[in-house]
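A.B. asks: Fold the following and give me the result.
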Amino acid sequence: MAGGSQSVVIKALVANFGIAIAKFVAASISRSASMLSEAVHSLADSGNQLFLLLGMRRATREEDAVHEFGYAGERYFWAFIVAVSLFTVGATFSMYEGIHKILHPGGAMGSRTVAYAVLGVSIALELYSLSAAVAEFRHMKAGRSLRQTIDEARDAVVIVVLFEDIAALVGLVAALGGLLMTQLTGNGIWDGVGSVVVGVTLFGVAAFLARKTKQLLIGQSVPTAQRAKMIEIIEQSPGVKKLVHLRTMHLGPEEVLVAMKVVVDDAMAAREVSRFVDVIEARLRAEIPILDRIYIEIGAADDPRVAVASAPSAKRRSASRDSEAS
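C.D. replies: Just a heads-up that it's a prediction; the model follows:
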């Protein structure tokens, strides 16, 4: 998955950087606000892909005394920076240019021929970049619904590139429509409207990506299906009397922290308990390789804390309130 994500980002970077250069040339010739907004958008996208590559590179660093769980979270941090960048650079500039053009539509526009040619080539290149992101997303989808795939995605890179490319295509069509309507009506307001549409689209995509990457950044558990599989493996392991609790958190797309508390048979000796822990860890990693760090606490059946931990959360909250009241 990591290799596929990196390939998607590199293809998007090459496409967006080439598109940005062409758009700036076309914007200077046509003097189109929507074309200039698109040029800044593509340049911002190129910077975003560099951020994603930086995050992927830094995430591979080995753990150290300062970060004992490693640096896998770098991928989530830089993906969040990309979402903020889309908002602060692309969307804000596009809205400003569009509103300025609507309020001051005067001024002759230059040749639109180059602009149309650049937009056509840009659409083709964005479709190339989008096809790579869609192919990787289909691999992630694996028969699930679109919403379920996005909700359960723990690799933000593919999601970011996919929605960036979709926003870029919407923006290109809006810029093309703004130029065409300006030419047909002779009213420069339409060029500003095209730029505003680009800005609104980027605002929406930035908000969505910020929400998704924030969830990953502060720590998400494994998807429901993986959690159910883990519980099945643990509860069916010989010697397990009860699974008290299970906690998981993605440190990165392919690194998961697991903590659990289990009650074992009373007759199990200390040496057997050690072997039992090793067996559970091996079985879990064999089924779900991304379970990178597994910590197992052994509890006693007569431990009152086990009963509290096993109770539904609502009951635990009620018991806590009663205790505070007394």
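A.B. asks: ok but Ser42 is inside a strand, no?
C.D. replies: No - counting by DSSP: H, G, I helix; E, B strand; the rest coil, Ser42 is not part of a strand but helix.
A.B. asks: how near is it to Ile19?
C.D. replies: Applying C-beta to C-beta, to the nearest Å, the value for Ser42 to Ile19 is 5 Å. C-beta here means a position set from N, CA and C on the backbone, and glycine is covered the same way.
A.B. asks: Touching stretch 88-95 from outside, list them.
C.D. replies: Residues outside stretch 88-95 that contact it (C-beta atoms under 8 Å, 6 or more residues apart in numbering) are 37, 40-41, 44-45, 47, 171, 195-196, 198-200, 202-203, 206.
A.B. asks: at 6 Å instead, please
C.D. replies: With contact meaning C-beta atoms under 6 Å, 6 or more residues apart in numbering, stretch 88-95 is reached by Ser37, Val40, His41, Ala44, Ser195, Val198, Gly199, Leu202, Phe203, Ala206.
A.B. asks: Of the residues you listed, which is the most crowded?
C.D. replies: Ser37 (34 neighbours; other C-beta atoms under 10 Å).
A.B. asks: State the mean pLDDT of the helix or strand where that one lies.
C.D. replies: Counting by DSSP states H and E, the element that carries Ser37 is helix 33-58. Taken as a whole, helix 33-58 has a mean pLDDT of 85.
A.B. asks: where along this structure do the strands fall?
C.D. replies: 240-252, 255-264, 291-299 (DSSP state E).
A.B. asks: winner for burial among those strands?
C.D. replies: strand 255-264 (a mean of 20; mean count of other C-beta atoms under 10 Å).
A.B. asks: mind listing what that one pairs with, with the direction of each?
C.D. replies: Note on strand 255-264: by DSSP bridges, its sheet partners are strand 240-252 (antiparallel), strand 291-299 (parallel).
A.B. asks: What mean pLDDT does that strand get?
C.D. replies: 93.
A.B. asks: Would you map the helices across the stretch 51-200 of the chain?
C.D. replies: 74-85, 92-103, 113-141, 146-152, 156-185, 189-218 (DSSP state H, counting those that start in this stretch).
A.B. asks: Reformat the ones you listed as TSV; add distance to Ser28.
C.D. replies: Formatted as TSV, the helices of the stretch 51-200 of the chain follow (distance: least, C-beta to C-beta, whole Å):
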stretch	distance to Ser28
helix 74-85	24
helix 92-103	14
helix 113-141	9
helix 146-152	38
helix 156-185	15
helix 189-218	15
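A.B. asks: Let me have the strands paired with strand 255-264 in a markdown table, adding mean pLDDT and distance to Met268 as columns.
C.D. replies: Below are the strands paired with strand 255-264 laid out as a markdown table (pLDDT from 0 to 100; distance: least, C-beta to C-beta, whole Å):
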| stretch | mean pLDDT | distance to Met268 |
| --- | --- | --- |
| strand 240-252 | 92 | 10 |
| strand 291-299 | 90 | 9 |
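A.B. asks: export the ones you listed to CSV and tack on distance to Ala210?
C.D. replies: Below are those laid out as CSV (distance: least, C-beta to C-beta, whole Å):
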stretch, distance to Ala210
strand 240-252, 18
strand 291-299, 27
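A.B. asks: Compare these and give me the one nearest Val8.
C.D. replies: Minimum separation from Val8 across the strands paired with strand 255-264 (C-beta to C-beta) falls at strand 240-252, 16.9 Å.
A.B. asks: Can you say which of the strands paired with strand 255-264 is nearest to Val222?
C.D. replies: Ranking the strands paired with strand 255-264 by proximity to Val222 (C-beta to C-beta) places strand 240-252 first, at 4.6 Å.
A.B. asks: Flag every buried residue along stretch 88-99.
C.D. replies: Within stretch 88-99, the residues scored as buried using 16 or more other C-beta atoms under 10 Å are Val89, Gly90, Ala91, Thr92, Phe93, Ser94, Met95, Glu97, Gly98.
A.B. asks: Please state the backbone phi and psi of the residue in the chain sticking out farthest from the centre?
C.D. replies: Residue farthest from the centre of the chain, counting by C-alpha atoms, centre = their mean, is Ala267 at 47.3 Å. The phi/psi pair for Ala267 (degrees, to the nearest 10) reads phi -80, psi 0.
A.B. asks: Kindly provide the distance from it to Lys261.
C.D. replies: 19 Å.
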